[in-house]
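> Have a look at this prediction, sequence included:
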Amino acid sequence: MRKIFSALILFLMLVGISAQNKPAFWDDIQHFKQLNKENPPPKNAVLLVGSSSFTMWKDVDAYFPEKVIVNRGFGGSSLYDLNFYSEELLKPYSPKQIIIYCGENDFAGNEKLKPREVFNRFKHFYAEIRKYYPEVPVAYVSIKLSPSRENLWPKFIETNSLIRKFMQRKENAEYIDITKAMTGPDGKIRKDLFLEDMLHMKPEGYQIWKKVMEPYLK
């Protein structure tokens, strides 16, 4: 009996260690794999990848009823994480377009990061996309100026500028600027578009994204 109890304790310890050793967002990626297994994603869809601004857009299909959309945003993720899971996020799909929203959390997780470092992470992910899909249109949605992260706005703006210039030089690549549309007549970011956390958006914010993004969707 004592041996069985000891073995059980050892097993539980190993399970605990294994869980602790999982990379960040492991469970999210496994969830995507399960979704793909239960309901294989349609080919020629618009693939959304990125962080919580996509994750929380749970009814994105209702905003673009004429488009087939596969949403693979996972909250809290950074461009570093998109690179880490690039194969899982890209290979299973055969999209007709890929749209990225990511970059905020890179700086939020490490305020010492410089814009060029985050830009380099984006370039690496773009190269990963081209490895699987050389000619599929790719669009990047600019980092939004979340009021709760106002201290990071200068870095967001510089990173957006670097990515915009990069995308302008590439074929089948577009930069979607959502900053102007989220700015009020007073020239300030509209706080009324955000939830109480001043980070995530209300439906009114997503309505603006819809209007800005719609002309870019394939």
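Looks like it came in fine. Numbering: from 1, shown residues only.
> make it CA atoms for all contacts and neighbour counts henceforth
Will do.
> so what does the helix or strand where L162 lies touch, helix or strand wise?
Per DSSP states H and E, L162 falls inside helix 153-168. Based on contacts counted as 3 or more Cα pairs under 8 Å, 6 or more residues apart in numbering; DSSP states H and E, the elements that helix 153-168 packs against are helix 115-132, strand 173-176.
> how about these in a markdown table, adding mean pLDDT, mean neighbour count and distance to M213?
Listed next are these as a markdown table, based on pLDDT from 0 to 100; neighbours: other Cα atoms under 10 Å; distance: least, Cα to Cα, whole Å:
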| stretch | mean pLDDT | mean neighbour count | distance to M213 |
| --- | --- | --- | --- |
| helix 115-132 | 98 | 18 | 19 |
| strand 173-176 | 99 | 21 | 7 |
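> Mind putting the ones you listed into TSV with distance to D192?
Listed next are the helices and strands packed on helix 153-168 as TSV, based on distance: least, Cα to Cα, whole Å:
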stretch	distance to D192
helix 115-132	28
strand 173-176	22
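> These: which one's closest to K155?
For those, proximity to K155 was assessed by Cα to Cα; helix 115-132 is nearest, at 5.6 Å.
> is the residue nearest in space to the middle of the chain in a bridge, and if so with what?
Nearest to the geometric centre of the chain sits G50, at 0.8 Å (Cα atoms, centre = their mean). On the basis of DSSP bridges, G50 is bridged to G73, Y101.
> Report the contact partners of it.
R72, G73, F74, G75, S77, S78, L79, L82, I100, Y101, C102 (Cα atoms under 8 Å, 6 or more residues apart in numbering).
> Local confidence estimate at it?
pLDDT, G50: 97.
> how far away is it from I99?
8 Å (Cα to Cα, to the nearest Å).
> One more: E171?
Distance, E171 to I99, by Cα to Cα: 15 Å.
> and if you look at K37?
23 Å.
> Give me the more crowded residue out of the two.
Counted by other Cα atoms under 10 Å, K37 and I99 do not tie: I99 has more neighbours, with 24 against 10.
> quick one: contacts for that one?
V46, L47, L48, V49, V138, A139, Y140, V141 are the contacts of I99 under Cα under 8 Å, 6+ apart.
> and D186, which of the three is it?
Following DSSP: H, G, I helix; E, B strand; the rest coil, the label given to D186 is coil.
> so how far is K180 from it?
Separation of D186 from K180 (Cα to Cα): 12 Å.
> So these two - more neighbours on which side?
Neighbours per residue (other Cα under 10 Å) separate D186 from K180, with K180 holding more: 12 against 7.
> ok, and the closest non-adjacent residue to L199?
Ranked by Cα to Cα, 6 or more residues apart in numbering and with sequence neighbours excluded, the top spatial neighbour of L199 is S146, at 5.1 Å.
> before we move on, what about S94?
Closest residue in space to S94, ignoring its immediate chain neighbours: K43 at 5.1 Å, by Cα to Cα, 6+ apart.
> Contacts only, for the one you found.
Residues in contact with K43 (Cα under 8 Å, 6+ apart) are Y93, S94, P95, K96.
> Tell me which residues touch Y140, please.
Residues counted as contacts of Y140 (Cα under 8 Å, 6+ apart) are I99, I100, Y101, E174, Y175, I176.
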